[in-house]
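A.B. asks: This is a predicted model, with the sequence first.
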Amino acid sequence: MQENTSENNVSDYASVALSIKTWGKELGFQDIRIADAHADMTAIESGLFKWLGEGYHGDMDYMAKHGTKRTRPAELEPGTQRVISVCMNYAPPSIKNSWEVIHSGDRAFISRYALGRDYHKVIRARLQKLADRMTAQIGTFQYRVFSDSAPVMEVAWAQKAGLGWRGKHTLLLNRQAGSMFFLGEMYVNLPLPVDEETGNYCGSCTRCIDICPTQAITAPYRLDARRCISYLTIEMKDSIPEPLRPLIGNRVYGCDDCQLICPWNKYAKITREADFHVRNGLDDVSLIELFGWDQATFEAKLAGSAIRRIGYQQWLRNIAVGLGNAPYSTEIVQALQGRADDASELVREHVQWALQQQDQKRTANQE
C-alpha cells in the first residue's frame, strides 16, 4: 500500500466521498461506490473455499494461493478500511454483430472485451490518477489500486459497494449497464461513508445457464472453470480436452454467450474510451487469416492487447480448434497442413485433430 508524505487533515469524510465520486466520473469511470473493508464476507468466503475444494478452478493455482486475503482486505494491505470500487464500460462502437460471427463457422470470435487495449493498464492508470487527485486534495493516505491484478474478489466487493449484483453466470450485473464493463478497486485507509448494496434482479431467468456451449455453469452462481471456454482458451496452457473441442466452435479467445443472451445487456452502454475500440478488425476476421500470422505479426498486431498474454503457441492452438470446427473447405485443410510440422508439439497435436475433423466433414459431404 502506497503512503504519501504530506499530512492528512480530513475533517469531513462525507464530503471527500462525494468528491471522489465526482473525480472518478471525470476520469472516465461510469460509476464509483464504496464498501466497508470489514463487511461480513462469511458466506462469500465459504463459497470460495467450497468452489476450490471441488476443483472448479482447474489449473488456476493462484485462486487458492492467498487464502482469506481475497475476502479480508486488511490481510492483503494492512490498515485498509474501505474498498473503492469502480466500473468502466467496454462495449466498442460499430462492431460486427456477435451472433453473426459466432454462427459464421469460418470467422474467429474474440470476446468483445479484448478487441481493444489491455484493460488492466487502462483501469490501473485511471485509478492512479484518482489517487493522485485525492492526495493533492486531502494529503496523506494509504492506498493500493487493482484491476484483476491481485487476490481481490472484484465482483464480491463491487456487489458490497452497490455497483450491481452477481448474476447466475457469476459476473456482475447492473440494471443501467448490463455486464459489459470492467471493474477496478482502490484499497484505502480512510473511514469514508459506505454505499448500500442493490437487490438481485435475475429472477427466475436461466438463459445464461441454458446457452453455455459447454454447460460450465453447473447451477446458478456456480461455474466449473474447467469447462468454461474462457478458461480453456485463455487460462489453460496445455492441451484442450478433446471432448470439449467441438463445443468451443469458433471462439478462439474467450466466450460471451452468457452475456450476449442476458436480457440486462440490452442496457449495455457503448464505451467512451478510444482504447477499447476495435483494433486490427478483430471483431470480424477469418480464422485462416489469423492462422497465417507469424510470431512477429502476432507480437506487433497484438501489442498492448490482453490477447498477447496467452502467447503465440496458445493462440495457434485455439485457432486450430476453430478451423477443425469450421465447415469443410480445401483452403482450411491447406492452412492446417501448412502447420502440420509446427515446432510446437501443442500446436501440432491440435492441428492433427483439426485435420481429422475436416476429413470427417469431407467424407460426410460426399455421402
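C.D. replies: Done, it's in.
A.B. asks: what's the longest helix in this structure?
C.D. replies: Using DSSP state H, we find that the single longest helix of the chain is helix 345-366.
A.B. asks: So what touches it?
C.D. replies: Here helix 345-366 makes contact (Cβ atoms under 8 Å, 6 or more residues apart in numbering) with 238-240, 242, 245-246, 313-314, 316-317, 320-321, 323-329, 332-333, 336-337, 339-342. C-beta coordinates here come from the backbone N, C-alpha and C atoms, glycine included.
A.B. asks: Among these, name the buried ones.
C.D. replies: 240, 245, 313-314, 316-317, 320-321, 323-326, 328-329, 332-333, 336, 339, 342 (16 or more other Cβ atoms under 10 Å).
A.B. asks: give the contact list for the residue most central in space within the chain.
C.D. replies: In the chain, the centroid-proximal residue (Cα atoms, centre = their mean) is Tyr113; its distance is 7.0 Å. Contacts for Tyr113 were tallied using Cβ under 8 Å, 6+ apart; they are 90, 119, 180, 182, 254, 306.
A.B. asks: Keep only those of those residues that are in strands.
C.D. replies: Phe182 (DSSP state E).
A.B. asks: Next, give me the two most distant ones among the contacts of Tyr113.
C.D. replies: Greatest spatial distance among the contacts of Tyr113 (Cβ to Cβ): Met180 and Ala306, at 14.9 Å.
A.B. asks: More neighbours: these two, which one.
C.D. replies: Legend: neighbour count by other Cβ atoms under 10 Å for Met180 and Ala306, higher for Met180 (24 against 21).
A.B. asks: How much space separates the more buried one from Ala136?
C.D. replies: To Ala136, Met180 is 32 Å away according to Cβ to Cβ, to the nearest Å.
A.B. asks: quick revisit: from the contacts of Tyr113, pick the one nearest Lys266.
C.D. replies: Met180 (11.0 Å).
A.B. asks: The closest one contacts Pro92, correct?
C.D. replies: No - Met180 lies out of contact with Pro92 (Cβ atoms under 8 Å); the separation is 9.7 Å.
A.B. asks: shared neighbours, those two?
C.D. replies: Arg112.
A.B. asks: roughly how far is the helix or strand harbouring Ile332 from the heart of the chain?
C.D. replies: Secondary structure from DSSP states H and E places Ile332 in helix 330-337. How far helix 330-337 lies from its chain's middle: 32 Å, per Cα atoms, centre = their mean, to the nearest Å.
A.B. asks: Can you give the contact residues for that helix?
C.D. replies: Taking Cβ under 8 Å, 6+ apart as the rule, helix 330-337 contacts 106, 287-288, 291-292, 320, 323-324, 326, 351, 354-355, 358, 362.
A.B. asks: Which of the contacts of helix 345-366 fall within helices?
C.D. replies: Using DSSP H, the subset of the contacts of helix 345-366 located in helices is 245-246, 313-314, 316-317, 320-321, 323-325, 332-333, 336-337.
A.B. asks: how many other residues sit next to Ile34?
C.D. replies: 22.
A.B. asks: meant to ask about Phe181, not that
C.D. replies: Considering only other Cβ under 10 Å, Phe181 is surrounded by 26 other residues.
A.B. asks: Ala35: which element?
C.D. replies: strand 31-36.
A.B. asks: For that strand, which strands pair with it and how are they oriented?
C.D. replies: strand 82-89 (antiparallel) (DSSP bridges).
A.B. asks: buried stuff in the partner strand?
C.D. replies: 82-89.
A.B. asks: The stretch 51-200 of the chain: strands as residue ranges?
C.D. replies: Applying DSSP state E, counting those that start in this stretch to the stretch 51-200 of the chain gives strands spanning 82-89, 107-110, 142-146, 165-166, 172-173, 181-188.
A.B. asks: Include mean pLDDT and distance to Cys208 when you put these into JSON lines, please.
C.D. replies: Below are the strands of the stretch 51-200 of the chain laid out as JSON lines (pLDDT from 0 to 100; distance: least, Cβ to Cβ, whole Å):
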{"stretch": "strand 82-89", "mean pLDDT": "98", "distance to Cys208": "19"}
{"stretch": "strand 107-110", "mean pLDDT": "98", "distance to Cys208": "17"}
{"stretch": "strand 142-146", "mean pLDDT": "96", "distance to Cys208": "26"}
{"stretch": "strand 165-166", "mean pLDDT": "98", "distance to Cys208": "12"}
{"stretch": "strand 172-173", "mean pLDDT": "98", "distance to Cys208": "10"}
{"stretch": "strand 181-188", "mean pLDDT": "98", "distance to Cys208": "17"}
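A.B. asks: Now find how far off-centre stretch 263-283 is within its chain.
C.D. replies: In terms of Cα atoms, centre = their mean, the centre of stretch 263-283 is found 14 Å from the chain centre.
A.B. asks: export it as CSV, just CAs?
C.D. replies: Listed next in CSV are the C-alpha coordinates belonging to stretch 263-283 (Å, rounded to 0.1, in the frame of the first residue of the first chain):
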residue,chain,number,x,y,z
PRO,A,263,-31.7,-9.5,-21.0
TRP,A,264,-30.0,-6.9,-18.9
ASN,A,265,-27.4,-6.4,-21.6
LYS,A,266,-29.9,-4.5,-23.7
TYR,A,267,-28.9,-1.7,-21.4
ALA,A,268,-25.1,-2.2,-22.0
LYS,A,269,-23.6,1.2,-22.9
ILE,A,270,-21.1,1.9,-25.6
THR,A,271,-17.7,2.8,-24.3
ARG,A,272,-16.4,6.4,-24.4
GLU,A,273,-12.8,5.1,-24.3
ALA,A,274,-11.0,5.1,-27.6
ASP,A,275,-8.6,2.5,-26.0
PHE,A,276,-11.4,-0.1,-26.1
HIS,A,277,-12.3,0.4,-29.8
VAL,A,278,-11.7,-2.4,-32.2
ARG,A,279,-8.1,-2.9,-33.4
ASN,A,280,-7.0,-4.8,-36.5
GLY,A,281,-10.5,-5.7,-37.5
LEU,A,282,-10.7,-8.4,-34.8
ASP,A,283,-14.4,-8.2,-34.5
